[in-house]
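[1] predicted model, plus sequence, below.
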There are 2 protein chains.
Amino acid sequence: MVEGPGRRERKKQLTRQALVDAAVRLFTERGYERTTVADIAEAADVSTRTFFLHFPTKEDVLLADADGRVDSGVAAVAGAASPAAALAAAAEAMISDAWRGDLRAGPAGLRARLVVDNPAVQARLLQVGFAAQTRLADALREAHPDLVDDVDAAALVGALLGAVATTAVAALRRGDPPDAVRDAMRRAAELALRAAG
Amino acid sequence: MVEGPGRRERKKQLTRQALVDAAVRLFTERGYERTTVADIAEAADVSTRTFFLHFPTKEDVLLADADGRVDSGVAAVAGAASPAAALAAAAEAMISDAWRGDLRAGPAGLRARLVVDNPAVQARLLQVGFAAQTRLADALREAHPDLVDDVDAAALVGALLGAVATTAVAALRRGDPPDAVRDAMRRAAELALRAAG
DNA sequence: CTCCTCACTACATTCGATGCATTACTACAG
DNA sequence: CTGTAGTAATGCATCGAATGTAGTGAGGAG
């Protein structure tokens, strides 16, 4: 028999999911600003304090699954033959992960739009994204220490993610449908990767 | 006679400067987190409320002169012959502006370091930087509407600033001296601009 | 059954940020 | 010189995010 997580852990994940669901629901109903953490906790039937045991900030409840995306990017970097291939693979992994997740989740990328047009959430997203760049740059430098130094790694990763992120936000702001956003991200990645050729 | 700004405006700038000076001093003495806005206002001998008349957030007191930097970048974009030249000029304008300002201000880039290793300030910096990208991308697209569409513009600007920003932070974190940081930024810009060739 | 762990709770506090009414000074028109 | 409009600055009150602390109860291990 496969040992699943115990009852305690399962309940914990249940609470977490209830908080995410309540948050998304309330955000779409009343808007982000007009929803307090106390509201979310109340709707999920837990205490306000519990919210902060699951999420470091109010913003993070919308970025719950962002960590996994970076992991897939790092994994893609590690398993590639050349720096250029590594970056291309990382880009594709993260874009398609975003496609499967946020972009299609909810009606027409509702989650994504919620993130994009709220300053506080956007700031937090940029922050975690930036931290992710460091991880990716390290992975790239370690995978090909003879071909890229640390400045190269930072510049390449920064260029790639900067291009993709800026393009994605522009497309979302413009109101593009999810698949158009994804295609724009792919084009941006392709363009940025010319620098790595 | 040249008409300078009136007494009122001069006094306003004086309080603003007093707030910046007090903030930087207290931040370096006690650290960012352990300094409250009330402390800063008190040290500048104004009310707490006045602080927020000059700066939208506590973080912005450290990013006081960031707006002008973007202006110089936008101006450089407008006055260039080709997209590639526009981006190169914008990069050089902003890098040398940073060099004259933050990097050399105070002992060994103290301001810059204060920004880099504080999460809240960093998040705010990323936020205003990202907003700047939109302005630059618009300027680029309008200057060369026949050569770049909106995806190109967003991707190119994103790649350039993403590369430079990531490299700068990496260099600052590593403890590089100011001129080494500047040189790394220039290398990163050069590398990212291969995509615009 | 016993002991320990830990998710969760209730309560209190700090501090960033905003709204509102008011004061004080500046600029300007008559 | 005087009234008036504009605005920087103030004091006060309030909201809400985030953290520290102590305590409760269910879950899991022996």
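    Looks like it arrived, so ask away.
[2] contacts and neighbour counts: CA atoms only from here.
    Will do.
[3] show me which residues of chain A are close to chain B?
    A:119, A:122-124, A:126-127, A:130, A:133-134, A:151-152, A:154-167, A:170, A:184, A:187-189, A:191-195 (CA under 8 Å from any CA of the partner chain).
[4] just the residues contacting the helix or strand bottoming out on mean pLDDT in chain A, thanks.
    Least confident helix or strand, chain A: helix A:110-116 with a mean of 80, by mean pLDDT, DSSP states H and E. Here helix A:110-116 makes contact (CA atoms under 8 Å, 6 or more residues apart in numbering or on different chains) with A:Val24, A:Leu62, A:Asp102, A:Leu103, A:Ala105, A:Val121, A:Gln122, A:Leu125, A:Val169, A:Leu172, A:Arg173.
[5] and it, C-alpha only, in CSV?
    Provided in CSV are the C-alpha atoms of helix A:110-116 (Å, rounded to 0.1, in the frame of the first residue of the first chain):
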residue,chain,number,x,y,z
LEU,A,110,-9.3,35.4,-14.7
ARG,A,111,-6.6,34.6,-12.3
ALA,A,112,-3.9,36.0,-14.6
ARG,A,113,-5.9,39.2,-15.1
LEU,A,114,-6.5,39.5,-11.4
VAL,A,115,-2.7,39.5,-11.0
VAL,A,116,-1.9,41.8,-13.8
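[6] state the next helix or strand along the chain beyond it.
    Next in sequence after helix A:110-116, counting helices and strands by DSSP states H and E, comes helix A:119-143.
[7] ok, then the element right after that following helix?
    Trace forward from helix A:119-143 with DSSP H and E and the next one is helix A:150-174.
[8] for stretch A:137-153, buried residues please.
    A:137-144, A:148, A:150-153 (16 or more other CA atoms under 10 Å in any protein chain shown).
[9] returning to that earlier point: okay, the contacts of helix A:110-116 in CSV with neighbour count and distance to DNA strand D next?
    Formatted as CSV, the contacts of helix A:110-116 follow (neighbours: other CA atoms under 10 Å in any protein chain shown; distance: CA to the nearest atom of the strand, whole Å):
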residue, neighbour count, distance to DNA strand D
A:Val24, 20, 13
A:Leu62, 23, 12
A:Asp102, 21, 21
A:Leu103, 24, 24
A:Ala105, 15, 24
A:Val121, 21, 10
A:Gln122, 19, 13
A:Leu125, 22, 13
A:Val169, 22, 22
A:Leu172, 20, 25
A:Arg173, 12, 24
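[10] closest one of those residues to B:Pro178?
    A:Leu125 (28.4 Å; CA to CA).
[11] the most centrally placed residue in chain A and DNA strand C, how far apart?
    Nearest residue to the geometric centre of chain A (CA atoms, centre = their mean): A:Ala66, 3.5 Å. To DNA strand C, A:Ala66 is 20 Å away according to CA to the nearest atom of the strand, to the nearest Å.
[12] likewise A:Arg100?
    27 Å.
[13] one more: A:Met185?
    32 Å.
[14] and that residue, which of the three is it?
    Per DSSP: H, G, I helix; E, B strand; the rest coil, the secondary structure class of A:Met185 is helix.
[15] which one is it nearest to, not counting chain neighbours?
    A:Val164 (5.2 Å; CA to CA, 6 or more residues apart in numbering or on different chains).
[16] list the contacts for the one you found?
    By CA under 8 Å, 6+ apart, A:Val164 lies in contact with A:Met185, A:Arg186, A:Ala188, A:Ala189, B:Ala155, B:Gly158.
[17] can you name the residue of chain A nearest to chain B?
    Relative to chain B, the nearest point of chain A is A:Ala159 (3.6 Å; CA to the nearest CA).
[18] what about that residue, how many residues nearby?
    By other CA atoms under 10 Å in any protein chain shown, 37 other residues sit near A:Ala159.
[19] is it true that it touches B:Ala192?
    Yes: counting by CA atoms under 8 Å, A:Ala159 touches B:Ala192, with 6.1 Å between them.
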